[in-house]
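*Asks:* Would you be able to build a 3D model of this:
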Amino acid sequence: MQNIPQHNKRKVVFILNPVSGISKKTVIEDKIHGLIDKEQYAYEIVYTNHPNHGTEIAREAVVKGYFMVVAVGGDGSVNEVSEGLIGSDVILGIIPAGSGNGYAMYLGIGRKVERAIKILNNGQVRLMDTGSINGQPFVNLSGIGFDAKIAYLYRNVKRRGFWGYFKTACRETGSFRFNRYSVIIDGKEILNDRACFTIVVANAPMYGYGFIIAPKAVPDDGKLEVVIFHKAPIWRIFFSLWRFLNHSMHKTSIADRYTGETVEIICHEDSFAHTDGEGFTVSGSQVFTLLPKSLKVLTGN
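*Replies:* From the prediction side, this is the model:
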């Protein structure tokens, strides 16, 4: 990062992930140059070139007193950048350039780059909660089970976007193994060594592409939303998918919903977890905690 003369302008850095999503980054650069409020902001554009580089750049921006750091990418890029901003006064901005863009859609930013840049010029700052799983932060959704396995496998899928994700999910459905879990919420045992399809721990309600998985989740209410999908025939699970569209996924008979500030999921077998759609393998105890009002986010709501 360069040191930019302030000249009474607010300093902003745009962090672009060159491999995220399906958007053409050169086009996004042109739109930033054409639409950003140059009277208000002194800005620069930086590309990440290794894992966690976005976090490093964001932390450097905090030290240098930047006004805002803009994550240009999908939910994974937002996660990486926000990790460097949590607990600071530097604002997180978002330009959706990933595949799903669930967090941006929930915040009213949508999927259009032009709208996102206009929001950077005159949006509203909202103080949000963040969560973590064993210390690894997330801003939108985390969890363990089927969706986490698909997120893990999707990392190596060449075809990005909805159809690449959908194809991966369909391919894994027939061979998916229901692992056993115990769940403790705020010190109370909710589940004891039972097979589950997936366990969602939500700060905000929305997967990518507008699919609402935890309709009651609100990212500034001081609570995590937990939705447990129990073992069931695959046809029953997929028969419930229409509930994504009317915000009633938590009402299906194969799911239970809870809220809490601390959630422990004990994996009795090796499993998969994810933070904001980035999958990884886990075993044993996974502790989810909430950090209230810990991230300033520029929103369109």
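
*Asks:* can you list the weak-confidence ranges in this protein?
*Replies:* Residue ranges of the chain with pLDDT under 70: 1-7, 19-25, 156-163, 165, 235, 239, 241-242, 244-248.

*Asks:* for it, what spans make up the helices?
*Replies:* With DSSP state H as the criterion, the chain has helices at 25-35, 53-63, 75-83, 102-106, 113-122, 146-154, 162-173, 234-239.

*Asks:* Give the buried residues for stretch 130-150.
*Replies:* Under the neighbour-count criterion of 16 or more other CB atoms under 10 Å, stretch 130-150 has 130-133, 136-150 buried. C-beta coordinates here come from the backbone N, C-alpha and C atoms, glycine included.

*Asks:* who's residue 10 bridged to?
*Replies:* Taking DSSP bridges as the rule, residue 10 bridges to residue 41.

*Asks:* Tell me if I'm right that it and residue 40 touch.
*Replies:* Yes. Between residue 10 and residue 40 there is a contact under CB atoms under 8 Å: 6.2 Å.

*Asks:* still on that earlier bit, nearest to residue 209, out of the helices of the chain?
*Replies:* helix 162-173 (5.6 Å; CB to CB).

*Asks:* Okay, angle between the closest one and helix 146-154 too, please.
*Replies:* Inter-element angle recorded for helix 162-173 and helix 146-154: 110 degrees (by axes from the mean of the first three to the mean of the last three CA atoms, to 10 degrees).

*Asks:* May I see the domains of the chain written out as residue ranges?
*Replies:* 10-122, 136-293 (automatic domain parsing).

*Asks:* For the first one, what is the distance to the chain centroid?
*Replies:* On the basis of CA atoms, centre = their mean, to the nearest Å, the separation between the geometric centre of domain 10-122 and that of its chain is 14 Å.

*Asks:* Could you shift the numbering so residue one becomes 56, and keep it that way?
*Replies:* Got it, first residue is 56 now, which makes that one domain 65-177.

*Asks:* Can you give me the buried ones in the longest strand anywhere in the chain?
*Replies:* If you go by DSSP state E, the chain has its longest strand at strand 333-354. Neighbour counts over strand 333-354 (16+ other CB under 10 Å) mark 333-334, 337, 341, 343-346, 349-354 as buried.

*Asks:* now stretch 264-284
*Replies:* 264, 266-270, 272-274, 278-284.

*Asks:* For the closest residue in space to residue 224 that isn't next to it in sequence, list the residues it contacts.
*Replies:* Nearest in space to residue 224, with sequence neighbours left out and distances taken as CB to CB, 6 or more residues apart in numbering, is residue 205 at 5.0 Å. Residues counted as contacts of residue 205 (CB atoms under 8 Å, 6 or more residues apart in numbering) are 220, 223, 224, 227, 334.

*Asks:* count of residues packed around the fourth one?
*Replies:* Just to be clear, that refers to residue 227. Counted with other CB atoms under 10 Å, residues neighbouring residue 227 total 13.

*Asks:* list the contacts for it?
*Replies:* By CB under 8 Å, 6+ apart, the contact list for residue 227 reads 201, 204, 205, 208.

*Asks:* now, among the buried residues of stretch 264-284, which is nearest to residue 132?
*Replies:* The closest of the buried residues of stretch 264-284, once distances to residue 132 are taken by CB to CB, is residue 264, at 16.5 Å.
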